[in-house]
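A.B. asks: Predicted model, plus sequence, below.
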Amino acid sequence: MLPYLTTTKPVRRIRYIIFLRDVLILALTTFGGPQVHLAMFYDRFVQKRRYLTEEELLELNALGQVLPGPTSTQTITAIGFKIGGPNLAYITLFIWVLPAVSIMTAAGMGIYYLEQQKLSLQFARFIQPMAVGFMVVAGYRIGQKVIKNQISLALAITAAVVAYLFRSPVMTPIVLLVGGLTTALTYAKQERMEKQPLRVQWANFFLWLGVFIGAATLGAFTQSLPVRLFENFYRNGSFVFGGGQVLTPMLYNEFVAFKHYLTREEFLSGLGLVQAVPGPVFAFASYIGALSMRDAGMHGQFWGSFVSTAGIFLPGTFLIFFVYRFWEQLKRYRVVRASLEGINAASTGLTAAAAIALFEPMAPYWPSVAVVVLTIGILLYTKIPSYVLIFGGLLAGILL
């Protein structure tokens, strides 16, 4: 096992460098969602390097699941925090997201360049219905895990109907809050655990809240697009439970249906492409940010990507730093565990509503419907990785 933090500074520095190299390797090779990421974290961090035990890894992953934000990113950031404190955690976050963010920023700029040159985007025509298929399967798999009784089923259906009928970004946190409060009332069904006094260090919570309020206030007064982009993504990152699958309908409602920063075709093309990119699915924000500031030129697109990336990843980072210190005590409260059931059920409904909204314009065109159905079938009944499907779709679009 590698030396612990009580060793000398040179040894600790070498340990940190090895750890960050491992993070970079994972950032370049982890295709798929949080479940795949967790398996690769286990192989490298537990079995190969023994930075932490299997139990510690699973606990950090569980903590990421109950907090808003990207689960895999919060898990690997928390591992960095456990090994070397907040400074190493921030470097870990940067290295983990950099490859995916760079690729998706380039994709956003590339899509805009093709549009400017009046070049055809037909090469991506199969990617768009495939993205809908990915969303349907994601919603189905989430539903299998979180819909356990009539209450959670009712919450999922209600969330889907409300999100479909009222396509405003304001509805998303309301739906999640109502879902959590509903099942929190059933806390008596949860197993009783011995409680310990909460010792809370509030610094990171106030940091999260201060940035939240400050960005909203500054955006309202200045009406600056970069500031508003940061606020939009920061707000979404503060309320998304369940990872990238749940983030997608939130971003669609905000930036396509409500604000029209992107066309539906641009959104679906990016959603498909991000499935073929290693690292966190939340890097989709970088693509949206770049396209949202297309009118400001290349410099503006880089700036849009930067503020959007910072906005989507910072809330989860602040909150994982805040809760990590008293998680052992917090998870013993039944009302906390009970509220997660409603939040997860409502998230399933949000995903279903977005999938329906994205599929509607495709319904009259049988080739698009066929691609959606074929994608769903391949994902459910084969073990073909998602990135292989996307590359296949791109190749078919180019050849045909």
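C.D. replies: Happy to help now that I have it. Just so we're clear, the structure is a prediction, and the values are computed from it rather than from any experiment.
A.B. asks: Can you report how many residues lie near Arg13?
C.D. replies: Other residues within reach of Arg13, judged by other Cβ atoms under 10 Å, total 11. For every residue, glycine as well, the C-beta is placed using N, CA and C.
A.B. asks: That one: which element?
C.D. replies: helix 9-29 (DSSP states H and E).
A.B. asks: ok, residues contacting that helix?
C.D. replies: For helix 9-29, the external contacting residues (Cβ atoms under 8 Å, 6 or more residues apart in numbering) are 2-3, 5, 7, 37, 40-41, 44-45, 49, 51, 76, 80, 83-84, 88, 91-92, 95-100, 278-279.
A.B. asks: how about a cut-off of 7 Å?
C.D. replies: Residues from elsewhere that reach helix 9-29, judged by Cβ atoms under 7 Å, 6 or more residues apart in numbering: 2-3, 5, 40, 44, 49, 51, 76, 83-84, 88, 91-92, 95-96, 98-99, 278-279.
A.B. asks: buried set for stretch 191-208?
C.D. replies: By neighbour count, with 16 or more other Cβ atoms under 10 Å as the criterion, the buried positions of stretch 191-208 are 204, 207-208.
A.B. asks: quick one: least confident of the residues you listed?
C.D. replies: Taking pLDDT as the measure, the buried residues of stretch 191-208 have their low point at Asn204 (89).
A.B. asks: wait, doesn't it sit right on Phe321?
C.D. replies: Yes: with contact defined as Cβ atoms under 7 Å, Asn204 reaches Phe321; the gap is 4.3 Å.
A.B. asks: In three-state terms, label Pro197 for me.
C.D. replies: Per DSSP: H, G, I helix; E, B strand; the rest coil, the secondary structure class of Pro197 is coil.
A.B. asks: what's near enough to touch it?
C.D. replies: With Cβ under 7 Å, 6+ apart, Pro197 has no contacts at all.
A.B. asks: Tell me how far it lies from Pro10.
C.D. replies: To Pro10, Pro197 is 39 Å away according to Cβ to Cβ, to the nearest Å.
A.B. asks: Distance of Gly143 relative to Thr186?
C.D. replies: For Gly143, the distance to Thr186 (Cβ to Cβ) stands at 19 Å.
A.B. asks: Neighbour count: those two, which is higher?
C.D. replies: Gly143 (19 against 16).
A.B. asks: Tell me which residues of stretch 83-102 come out buried.
C.D. replies: Of the residues in stretch 83-102, 83-84, 88-89, 91-93, 95-102 count as buried by neighbour count, 16+ other Cβ under 10 Å.
A.B. asks: Mind exporting the C-alpha coordinates of it to CSV?
C.D. replies: As requested, C-alpha coordinates have been extracted for stretch 83-102 and formatted as CSV (Å, rounded to 0.1, in the frame of the first residue of the first chain):
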residue,chain,number,x,y,z
ILE,A,83,-6.1,11.5,0.1
GLY,A,84,-4.8,15.1,0.1
GLY,A,85,-7.4,17.6,1.3
PRO,A,86,-9.2,20.3,-0.6
ASN,A,87,-6.3,21.4,-2.8
LEU,A,88,-5.7,18.0,-4.2
ALA,A,89,-9.5,17.6,-4.6
TYR,A,90,-9.7,20.7,-6.8
ILE,A,91,-6.8,19.5,-8.9
THR,A,92,-8.5,16.1,-9.2
LEU,A,93,-11.7,17.8,-10.4
PHE,A,94,-9.8,19.8,-13.0
ILE,A,95,-8.0,16.8,-14.4
TRP,A,96,-11.1,14.6,-14.4
VAL,A,97,-13.2,17.0,-16.4
LEU,A,98,-10.6,18.5,-18.7
PRO,A,99,-10.6,15.9,-21.6
ALA,A,100,-14.4,15.7,-21.8
VAL,A,101,-14.8,19.4,-21.6
SER,A,102,-12.2,20.1,-24.2
